[in-house]
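*Asks:* Turn this into a structure:
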Amino acid sequence: MSDSISIRTDLVVGDLGRIISLHGRVYEPLGGYGQRFEAFVGRTIAEFVLENNARGQIWLVEKDGELLGCSAAVLRDGNIGQVRWVVLDPSLRGQGIGKSLVQKTLDYCRDQNCTAVVLETTDGLRASQTLYESFGFVITSESIEELWDGPRPLVHMRLELT
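*Replies:* All right, here's what the predicted structure looks like:
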């Protein structure tokens, strides 16, 4: 990684909004990821803080003060971790940063004694799904769900840690 790229976990006021904005900015060009998607991400982040008491860890990738990536491990009941909000600006792809973020989430889940880690992804994100599969995640179910822009494939993946 470049010396000007940093990864931090200490959240400050405004970071949650920046994560939402980053998702909108990165995903909008893919089509089907407009304002409703951004609102969906906002809802999941609000749930993390308000309903889950922010149990977990968020990693923020910054370059010269600009948020360009993030990932999170959310702790769920039953010793389950959940990978959330993995996003990386296209300008940083191909440098191993995305892989590093996912590794940090899995290491955190192991340190928290999680027995498994789950995640959700959708169509159009094949590179992400390939990355998760490289860590050993397997698809546990695929279904058509009503998401932010209407019916869309939802892929559930799981990695056993024990």
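
*Asks:* if I look at the residue nearest to Ile80 when sequence neighbours are not counted, how far off is Ile58?
*Replies:* Take Ile80 and drop its neighbours on the chain: the residue closest to it by Cβ to Cβ, 6 or more residues apart in numbering is Ala116, 5.5 Å away. Heads up, the C-betas are built off the backbone N, CA and C, glycines and all. According to Cβ to Cβ, to the nearest Å, Ala116 stands 20 Å off from Ile58.

*Asks:* Same question for Gln112.
*Replies:* Distance from Gln112 to Ile58, by Cβ to Cβ: 14 Å.

*Asks:* Those two: which is more packed in?
*Replies:* Taking other Cβ atoms under 10 Å, Gln112 and Ile58 do not tie; Ile58 has more neighbours (22 against 14).

*Asks:* what about the strands in this protein?
*Replies:* 5-8, 56-63, 66-76, 80-88, 116-122, 138-147, 150-160 (DSSP state E).

*Asks:* Export those to a markdown table and append columns for distance to Ile19.
*Replies:* Output for the strands of the chain, formatted as a markdown table (distance: least, Cβ to Cβ, whole Å):
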| stretch | distance to Ile19 |
| --- | --- |
| strand 5-8 | 13 |
| strand 56-63 | 7 |
| strand 66-76 | 5 |
| strand 80-88 | 6 |
| strand 116-122 | 16 |
| strand 138-147 | 19 |
| strand 150-160 | 21 |
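
*Asks:* can I get the ones you listed in JSON lines with distance to Leu22 and mean pLDDT?
*Replies:* JSON lines is the format used below for these (distance: least, Cβ to Cβ, whole Å; pLDDT from 0 to 100):
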{"stretch": "strand 5-8", "distance to Leu22": "14", "mean pLDDT": "96"}
{"stretch": "strand 56-63", "distance to Leu22": "9", "mean pLDDT": "97"}
{"stretch": "strand 66-76", "distance to Leu22": "5", "mean pLDDT": "97"}
{"stretch": "strand 80-88", "distance to Leu22": "6", "mean pLDDT": "97"}
{"stretch": "strand 116-122", "distance to Leu22": "17", "mean pLDDT": "94"}
{"stretch": "strand 138-147", "distance to Leu22": "19", "mean pLDDT": "87"}
{"stretch": "strand 150-160", "distance to Leu22": "21", "mean pLDDT": "89"}
